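J.: next one to model:
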Amino acid sequence: MVRPPTWMRWLGPPLLLGTWVLFLSPVVLAVRERDWMAHVRDSGLGVGGALVGWFILAVLLVVIPPAIKVLLTYRTVLDAGGVDPPLGRARVDLGEVRKIRWVPQGGPVNAANRPERFEVISEQSGLVARVARGEADWGATQAVLRHWARQRPEIVEDEPTAAALAGGSIDS
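T.: Got it, this is the predicted structure:
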């Protein structure tokens, strides 16, 4: 199972909720004062600045609650029969998987933030799972993908992926 890091699941929701409450304070002030410009009246921003501020505030007040929900419910499950992709997308059975690809760590820019990972690609949906070393039990992920490769050898198309699944230099 792939989930956001534990620290993010524990710290993210309270911080986002606190931010949401903080952003709600201008709304409360405007309702109490019965003045939609109460929070910027003496700032010199004027009507245009107040309108831009209210727009940004409205967007954030609408976006933060779903962000908390995604943070708490996001998960990808790989099992012997296929993949349960994140965010309520339909399950992809092993028969629908077209390719497993191993991507080594690094890249031309910002290599530290691009850990080695396996990507699962399906016929209809494209990329349905991306499992990085730090996001899941790496050994269990490799075991599931090895099982898939034994069931359907054609989904492993390249040598680096075959070596990674065979327990080459990347296996820990």
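J.: list the contacts of residue 132.
T.: 2, 115, 116, 117 (C-beta atoms under 8 Å, 6 or more residues apart in numbering). In this view, the C-beta of every residue, glycine as well, is placed from N, C-alpha and C.
J.: am I right that the second one is in a strand?
T.: No. Under DSSP: H, G, I helix; E, B strand; the rest coil, residue 115 falls outside any strand and is assigned coil.
J.: now the closest residue to it other than its chain neighbours. Its backbone dihedrals?
T.: Closest residue to residue 115 apart from its sequence neighbours, by C-beta to C-beta, 6 or more residues apart in numbering: residue 132 at 4.5 Å. Dihedral pair for residue 132: phi -90, psi 160, per degrees, to the nearest 10.
J.: bridged to residue 132, which residues?
T.: Beta bridges link residue 132 to residue 117 when assigned by DSSP bridges.
J.: circling back: looking at the contacts of residue 132, which is nearest residue 124?
T.: For the contacts of residue 132, the residue nearest residue 124 by C-beta to C-beta is residue 2; the value is 20.7 Å.
J.: burial of the closest one, as a residue count?
T.: 19 (other C-beta atoms under 10 Å).
J.: which stretches of this protein form strands?
T.: 77-79, 82-84, 92-93, 97-103, 117-122, 126-132 (DSSP state E).
J.: buried residues of the last one, list them for me.
T.: Okay, so that is strand 126-132. By 16 or more other C-beta atoms under 10 Å, the buried positions in strand 126-132 come out as 128, 129, 130, 131, 132.
J.: and the two most separated of the residues you listed?
T.: The widest separation within the buried residues of strand 126-132, taken as C-beta to C-beta, falls between 128 and 132 and amounts to 14.9 Å.
J.: which residues of this protein score low on pLDDT?
T.: 106-114, 167-172 (pLDDT under 70).
J.: circling back: format the buried residues of strand 126-132 as CSV; extra columns: distance to residue 72.
T.: Listed next are the buried residues of strand 126-132 as CSV, based on distance: C-beta to C-beta, whole Å:
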residue, distance to residue 72
128, 21
129, 19
130, 20
131, 20
132, 20
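J.: please identify the residue most distant from the middle of the protein.
T.: Residue farthest from the centre of the chain, counting by C-alpha atoms, centre = their mean, is residue 42 at 41.0 Å.
J.: residues in contact with residue 83?
T.: Counting by C-beta under 8 Å, 6+ apart, residue 83 makes contact with 76, 77, 91, 92, 97, 120, 122, 128, 129.
J.: try 10 Å
T.: Counting by C-beta atoms under 10 Å, 6 or more residues apart in numbering, residue 83 makes contact with 2, 76-77, 89, 91-94, 96-97, 120, 122, 125, 128-129, 131, 144, 148.
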